[in-house]
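give me coordinates for this.
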Amino acid sequence: MRLLASIFALGLGSCAAPLHRPLPDPAPQSIRILTWNVNWGVAHPDRVAAFLRLARADIVCLQETNAEWEAELAARVGDLYPHREFRESEGRMGGGLAFLSKQRGQETAYMRSTTGWFDGWIMRFPHAGGMVPVLNVHLRPPVSESGSAVTGYITTNDDREREIVRFASQLDPRQANIVCGDFNESTHGYAVKWLEKFGMLNALPQFDRRSPTWEWPTPVMTLRRRMDHVMVQACSWTCVHAQVVRVPASDHFPVVTDLVHR
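Below you'll find the model as predicted:
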């Protein structure tokens, strides 16, 4: 979700919150995946770029990117990630998706939204002698058609499930799939539960069940939720580390996950 710069300055941007704990070095033979909704307002590209260098992920999946983000990241981390792909959802501001990678990926499918919200994108990346399909998503926000976050929290679950069913239809459950991004729902959401039935495992709760991945300061209180997830095909991957990192650069925090192929 977009966080207006004026609100951001009152909350996340007012001080540099420390990391919960240092990021470990990537495990031997692992692949490090990072997902992050960076906020299309491009509030702090310097902080985003600095953390990307610190994290050393093999594949970065970003949400809410745009042409400004593409230019900023090319200038700031282009040497680290020579392969960068950006797309924007038609007619939906803040709906861009991006992949940054150290090795060249191959597009499997780009699926335009049929709901008026955001698209889904699958690319495949080389790892351990095979190709890893990665689905990058930004599912419908919990906001009703009239703009209410109260009724939207209750009424939009089915929409996110329909979105993930459609996007995941391009995945073969026998492959080493990864699905990550801004799900706009908790670990008990309909889309997350559907992917678990698809044979996928939610990486983060194995290591951290409580840390939020999104914060929105208001004059009354700071709203916090876990809305960003990394789901992996359970028959193909062992999760050896997953962590939310409190980087004060967006209304969302990055999720870093280390995976070892079985």
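
secondary structure element for residue 191?
helix 190-197 (DSSP states H and E).

show me what that helix is packed against.
Applying 3 or more Cβ pairs under 8 Å, 6 or more residues apart in numbering; DSSP states H and E, one finds that helix 190-197 contacts helix 157-168, strand 200-202, strand 228-233. C-betas here are computed from N, CA, C, even on glycine.

could you look over these and pick the most buried one?
strand 228-233 (a mean of 26; mean count of other Cβ atoms under 10 Å).

not counting the helix or strand immediately after that strand in the chain itself, show me its contacts.
As assigned by DSSP H and E, the chain's next helix or strand after strand 228-233 is strand 237-244. The contact list for strand 237-244 (Cβ atoms under 8 Å, 6 or more residues apart in numbering) reads 20-21, 23-24, 27, 30, 176, 178, 201, 203-204, 206-208, 211-213, 226, 230, 232, 253-262.

so which of the residues you listed belong to strands?
If you go by DSSP state E, the contacts of strand 237-244 have 30, 178, 201, 230, 232, 255-261 in strands.

which residues does residue 60 form beta bridges with?
Counting by DSSP bridges, residue 60 is bridged to residue 34, residue 100.

list just the nearest of the ones in strands among the contacts of strand 237-244 to residue 46.
Checking the ones in strands among the contacts of strand 237-244 against residue 46 by Cβ to Cβ gives residue 256 as the nearest, at 19.2 Å.

and the contacts of strand 237-244, which are buried?
Buried by 16 or more other Cβ atoms under 10 Å: 23, 30, 176, 178, 201, 203-204, 211-213, 226, 230, 232, 253-259, out of those.

coming back round to it: adding distance to residue 217 and mean pLDDT, write the helices and strands packed on helix 190-197 out as JSON lines.
Formatted as JSON lines, those follow (distance: least, Cβ to Cβ, whole Å; pLDDT from 0 to 100):
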{"stretch": "helix 157-168", "distance to residue 217": "25", "mean pLDDT": "96"}
{"stretch": "strand 200-202", "distance to residue 217": "27", "mean pLDDT": "98"}
{"stretch": "strand 228-233", "distance to residue 217": "18", "mean pLDDT": "98"}
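
got TSV for these, with distance to residue 113 too?
Below are those laid out as TSV (distance: least, Cβ to Cβ, whole Å):
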stretch	distance to residue 113
helix 157-168	8
strand 200-202	22
strand 228-233	19
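
nearest to residue 57, of the ones you listed?
Using Cβ to Cβ and comparing those, the one that lies nearest residue 57 is strand 228-233, at 11.2 Å.

got the contact list for the most centrally placed residue in the chain?
Central residue of the chain (Cα atoms, centre = their mean): residue 181, 2.6 Å from the mean position. By Cβ under 8 Å, 6+ apart, residue 181 lies in contact with 35, 37, 61, 63, 97, 135-139, 228-229.
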